[in-house]
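Participant: sequence plus the predicted model coming up.
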Amino acid sequence: FVRGFFERQRMKIQSIRSTFTFYVIIVFFIGVGLISSCGKTNEDSPEKTLDAPHLQGDTNQETGNKAQLIEPDPSDTLVKIGVVGAHSGELAPYGIPTLNAVKMVVDEINHKGGFLGKKIKVISADDTCSPSVASQKAEQMIREKVVAVIGHTCSSSTLSALPFYNKSGVLCISPSATNADLTLSGKYPYFFRSVANDKIQAKVQVDFAIHRLHSQKAAILYVKDDYGKGMASLARQYFEESGLVTVTLFESVTQGLSDFSQVVEKIKKSGSDLVVWEGYYPEAFLLIKQMRSKNIKASLIGSDGIHVDKFITAVREWPEDIYATSPQGWEKKNIIAIKAINDYKARFGSDPGPFFINAYSSAMALTNAMKRSESTECSDLAKTLRSEFVDTPLGRISFDEKGDVVGTSFSVYQLKDGRFKEVWP
């Protein structure tokens with residue numbers, strides 16, 4: 001009996017141990033599952049979103065405790081557009097109007113509710129038209145996760161920045177970078193511009209010189225960068241192809257040069273009746289001043305780099321026979337352009353300055369592409385920009401397969417009565 005009793009007790013203990021072990025195993029696996037589920041992100045659990053966040057002060061109905069504020073990710077509530085260009089230094093008159101134009105367009109969109117319920121934020125950066133700085137600012141835009149960049153101002157800085165945007169899939173629209181290779185090389189499928197390229201600009205210059213000024217001898221001078229060299233090479237090509245104008249001088253100068261005496265002497269000896277300047281306004285002012293001091297009466301035609309108020313002020317003593325090529329649209333009777341210019345004057349207290357119309361049009365084209373495609377993806381925006389026309393201060397524009405603007409070109413402006421007036425075509 002005793003042996004049977006202890007045998008029965010031993011079997012009961014084994015049964016209890018087995019049951020205990022079973023429950024321990026069950027509890028272990030339940031614990032693992034709970035830990036795993038707590039470690040999941042919103043990406044792993046789509047049903048857990050911030051679409052309906054608790055607000056600070058809300059009360060949990062089950063516990064009666066105050067709920068903590070759950071802050072949404074700022075990237076979920078903002079769409080960032082970058083603006084990079086010359087915002088300081090001598091070339092700021094070309095870049096500041098672009099920054100202000102984009103702010104104006106964005107503010108109007110945000111006032112109407114934003115893009116798909118999200119506010120648009122402008123992220124600006126100053127590259128001073130320096131290629132090395134432009135590369136750094138491009139990397140900054142990528143870190144900021146902008147959906148697109150409007151800029152850069154100068155061709156050389158744009159060329160420096162584009163490889164970074166291209167690699168990261170960031171769309172870029174420039175209102176002022178005219179170097180032909182930016183689009184025609186085919187290297188940058190996500191680059192667009194709302195200004196015609198230098199092949200068109202140089203052709204307008206040459207046609208005007210031949211058919212309006214009846215020039216016979218032309219001295220071509222250019223600033224030593226991608227923009228100046230590209231324009232000068234094209235102008236020389238078109239003059240030579242015409243067979244009507246002899247290029248008497250083809251010479252580069254360093255940006256920032258103040259003493260043009262040697263160059264002026266060469267112009268005088270060449271007997272040129274036309275000086276073509278492919279560069280920016282600070283050097284152009286010194287060139288024309290020193291030419292006139294040597295009694296050189298040759299006409300001067302410059303590229304869009306001299307179409308700026310500071311140049312007009314600087315050459316007020318020698319205003320005769322000065323011309324500049326610049327984008328069309330400044331004096332056109334475009335309702336959108338007139339309103340944009342008036343709004344700029346009311347907000348900033350001055351005339352807009354160069355490339356404002358092109359920048360405003362760039363911003364309108366970009367935001368229209370966002371709206372039409374309901375997307376901020378680079379490929380979607382690029383496809384829409386190439387397939388859709390949009391009404392802008394430049395007129396009704398679109399973009400071709402290379403990224404060049406369709407619907408606008410260049411004109412020639414003459415300095416007269418203290419301002420540039422459109423005279424050609």
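Facilitator: Yep, that arrived. Numbers count the residues shown, from 1 in each chain.
Participant: same question for the helix or strand Lys310 falls within, mean pLDDT?
Facilitator: Applying DSSP states H and E as the criterion places Lys310 in helix 309-314. Taken as a whole, helix 309-314 has a mean pLDDT of 95.
Participant: surely Arg386 touches Ile397?
Facilitator: No. Using Cβ atoms under 8 Å, Arg386 makes no contact with Ile397, being 11.6 Å away. Any C-beta I mention is one placed from the backbone N, CA and C, and that applies to glycine too.
Participant: coming back round to it: from the rest of the structure, what touches the helix holding Lys310?
Facilitator: 93, 281, 284-285, 351, 353, 415, 418-420 (Cβ atoms under 8 Å, 6 or more residues apart in numbering).
Participant: before we move on, what about stretch 243-257?
Facilitator: So stretch 243-257 is contacted by 206, 209-210, 215-225, 228-229, 232, 236, 239-240, 260, 263, 266-267, 270-272, 274, 279-280, 282-283, 286 (Cβ under 8 Å, 6+ apart).
Participant: which of those residues are buried, as a PyMOL select command?
Facilitator: Entered in PyMOL, the line below selects the buried ones among the contacts of stretch 243-257, by 16 or more other Cβ atoms under 10 Å:
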select buried, resi 206+209+210+215+217+218+219+220+221+222+223+225+228+229+232+236+239+260+263+266+267+270+272+274+279+280+282+283+286
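Participant: the contacts of stretch 243-257 in strands, which ones?
Facilitator: With strands taken from DSSP state E, the overlap with the contacts of stretch 243-257 comprises 217-223, 274.
Participant: need those in TSV (columns: distance to Lys339 and pLDDT).
Facilitator: Formatted as TSV, those follow (distance: Cβ to Cβ, whole Å; pLDDT from 0 to 100):
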residue	distance to Lys339	pLDDT
Lys217	45	98
Ala218	40	98
Ala219	42	98
Ile220	39	98
Leu221	39	98
Tyr222	37	98
Val223	35	97
Leu274	38	98
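Participant: picking up where we left off before, buried set for the helix holding Lys310?
Facilitator: Buried residues in helix 309-314 (16+ other Cβ under 10 Å): 309, 311-312, 314.
Participant: next helix or strand past it?
Facilitator: Following helix 309-314 toward the C-terminus (DSSP H and E): strand 322-327.
Participant: sheet partners, orientation included, of that following strand?
Facilitator: strand 299-302 (parallel), strand 410-416 (antiparallel) (DSSP bridges).
Participant: I'd like the next helix or strand past it.
Facilitator: Downstream of strand 322-327 (by DSSP H and E), the next one is helix 335-348.
Participant: can you map out the helices along the stretch 151-300 of the chain?
Facilitator: 155-168, 181-184, 198-211, 226-242, 261-270, 281-293 (DSSP state H, counting those that start in this stretch).
Participant: which of the strands paired with strand 322-327 sits closest to Ser88?
Facilitator: strand 299-302 (23.1 Å; Cβ to Cβ).
Participant: how about residues contacting the closest one?
Facilitator: Residues from elsewhere that reach strand 299-302 (Cβ under 8 Å, 6+ apart): 205, 208-209, 213, 215, 273-279, 284, 287-288, 291, 321-325, 412.
Participant: filter these to the buried ones?
Facilitator: The neighbour-count test (16+ other Cβ under 10 Å) marks 205, 208-209, 213, 215, 273-279, 284, 287-288, 291, 321-325, 412 as buried among the contacts of strand 299-302.
Participant: give me the mean pLDDT for the helix or strand containing Ile142.
Facilitator: Using DSSP H and E, the element containing Ile142 is helix 131-144. Across helix 131-144, pLDDT averages out at 98.
Participant: would you mark the buried spots in that helix?
Facilitator: 131, 133-135, 137-138, 140-142.
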